[in-house]
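# What follows is a predicted structure for the sequence shown.
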Amino acid sequence: MRQLIIASLLAALPWAASAAPTWQTISSEPGKRIEIDRTSLKREGNTVQAQGRVVLDKELTDVKSGAPYRVIEAITRYDCSTRNANTIKRIYKRNENELVREEEINGSDLPVRTGTLDDKVLREVCRPPKDSQAEIAQKANEAAGQLKAANDALLKKELAKAEKPAAIKASDAEHGGIPSIKPNLKTQMESARAPAPTPVREAAPSKPATYLVHTAPTAAPKAKRPARQEGYMLELAQAEPALQHAHIHWDYEGVGGPENWAKLDAKNKVCGIGERQSPIDIKDGIKVDLEPIKFTYRPSTFRIVDNGHTIQVELGENSISLTGKTYELVQFHFHRPSEEKVNGQRFDMVVHLVHKSDEGQLAVVAVLLERGTENPFIQTLWNNMPLEKNSPVSPPTTLVDLNTLLPTARNYYTYMGSLTTPPCSEGVLWLVMKQPVQVSQDQINIFSRLYRNNARPIQPSSGRLIKEGR
């Protein structure tokens, strides 16, 4: 009997001292709640490092692993004076304990916009502390100690009562019942619980209370770089469709895929509503005598980079001329498979040579690539391919000549379209060479190791005029 009483009392008592929650909810919204771990707060001047998390009501699918997750944690540095934030690490979890993946973020300071999830965390962690960390920890520990002492006293008192059976009233005996101690226990538990939490609640909203030592590692400060669009971890879980993609970088698959480009950023709205989008299936064109393109290409050194979407190359001075206008080469890059179709047929790859006039108009020459013999021009590029993304390579003495990439026959299709990547700007003059150029299967495989599919789907032609050189 004594053991049963002890077990019931232990189950009922609020052992806050040994089970103090680490996470504190700072905001609850439909579909999610936002929490911070106050034990992780690290202050240095106007900068606060904090570990926060978003707990979702419904699971999302992780783009990289394909696994479902419901909890996203982040370690972020907030600059309280400039209202900037820099996320250091993200952690995706299926639940409290099941890890999906972690990623270190090599990002830049980005401004925190009002009303975002990061804004709520910044406001919370940037409140000036009223007490030192040591004082707050002492208060929290004292409160926990008081609560534990009250629990011990209550347990001892009830055990003493249990050893002296109470007299059974006649009315109770008639029903075969034994008086319950629960009403008295509830009252005493409430009185024991009342005074202890007060110091903790006063400290919690504005002070980094310390229950357990659980500090996130402080990353070494990095030099500021131009802002990139990694976004903040906490903003990846927005419930609204447009905001859900607000800081997901565009891609060719998953939530960052072409069907969502217009939702990722207001600047990309043309991707969804434009009427002259590229690529298209080039067919039903009118055959006419087209002005030959004048290619002013010459051997040049080059700079090659894997920019996370494709292999991109920049050269020295090269240009084309057409209809009395000159377009300077800006860069060229690769897609697999070819983005454009010709009479319903896709090719293994395509090279897009992007040119720009002095007035800012873009003209893109597309060279279709099909499987065949090895291409020496492309092999030179592959020989110098960077080992890491966004780490350009500029061979000091190696030259390439774009003339060797062009097909022997220079006839082409032409139409007005758009960029095939965000922001999908329209008004682009497309010049698609009719004769494909050969590349080897090995060269195709090398690119496929990096980008299995980086082609935007075919867009409606919407009755656009297509001209075909005859």
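On my side now, so go ahead.

# name the element residue 153 belongs to?
Residue 153 is part of helix 133-163, with elements assigned from DSSP states H and E.

# how does the protein divide up, domain by domain?
Domain assignment for the chain, taken from automatic domain parsing, gives 1-237, 238-269, 273-469.

# Least confident of these, on average?
Confidence, taken as mean pLDDT, is least for domain 1-237 of the domains of the chain (a mean of 64).

# Quick check: chain neighbours aside, which residue is closest to residue 359?
residue 325 (8.0 Å; Cβ to Cβ, 6 or more residues apart in numbering). C-beta here means a position set from N, CA and C on the backbone, and glycine is covered the same way.

# Which residues does the one you found form beta bridges with?
With DSSP bridges as the criterion, residue 325 is bridged to residue 322.

# Just give me the neighbour total for it.
Counted with other Cβ atoms under 10 Å, residues neighbouring residue 325 total 13.

# Hmm, residue 357 and it touching each other?
Yes: applying Cβ atoms under 8 Å, one finds residue 325 in contact with residue 357, separated by 5.5 Å.

# What's the separation between the residue lying closest to residue 450 once chain neighbours are set aside and residue 51?
Of all residues not flanking residue 450 in the chain, residue 306 sits nearest, at 6.6 Å (Cβ to Cβ, 6+ apart). Distance of residue 306 to residue 51, given as Cβ to Cβ, to the nearest Å: 32 Å.

# The two: which is more packed in?
residue 51 (25 against 19).

# how near is the more buried one to residue 38?
From residue 51 over to residue 38 the distance is 9 Å, taken as Cβ to Cβ.

# do residue 141 as well
Using Cβ to Cβ, one gets 14 Å for the distance from residue 141 to residue 38.

# Which of those two has more residues huddled nearby?
Neighbours per residue (other Cβ under 10 Å) separate residue 141 from residue 38, with residue 38 holding more: 24 against 13.

# Just name whatever secondary elements the helix or strand harbouring that one is in contact with.
When elements are assigned from DSSP H and E, residue 38 belongs to strand 32-44. Applying 3 or more Cβ pairs under 8 Å, 6 or more residues apart in numbering; DSSP states H and E, we find strand 32-44 packed against strand 23-29, strand 47-61, helix 117-125.

# Direction included, what does the shortest one pair up with?
Looking back up the chat, that one is strand 23-29. When DSSP bridges is applied, strand 23-29 pairs with strand 32-44 (antiparallel).

# Next, the angle from the partner strand to helix 117-125.
50 degrees (axes from the mean of the first three to the mean of the last three Cα atoms, to 10 degrees).

# Give me the distance from strand 32-44 to the chain's centre.
20 Å (Cα atoms, centre = their mean, to the nearest Å).

# hey, C-alpha coordinates of it in CSV?
What follows is strand 32-44, C-alpha atoms only, in CSV (Å, rounded to 0.1, in the frame of the first residue of the first chain):
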residue,chain,number,x,y,z
LYS,A,32,2.9,26.5,-36.5
ARG,A,33,4.5,27.8,-33.4
ILE,A,34,7.8,29.6,-32.9
GLU,A,35,10.1,28.8,-30.0
ILE,A,36,13.5,29.8,-28.8
ASP,A,37,16.0,28.1,-26.5
ARG,A,38,16.9,30.7,-23.9
THR,A,39,19.8,28.7,-22.7
SER,A,40,21.5,29.1,-26.1
LEU,A,41,21.5,33.0,-26.0
LYS,A,42,25.0,34.4,-26.3
ARG,A,43,25.4,38.2,-26.3
GLU,A,44,28.3,40.1,-27.5
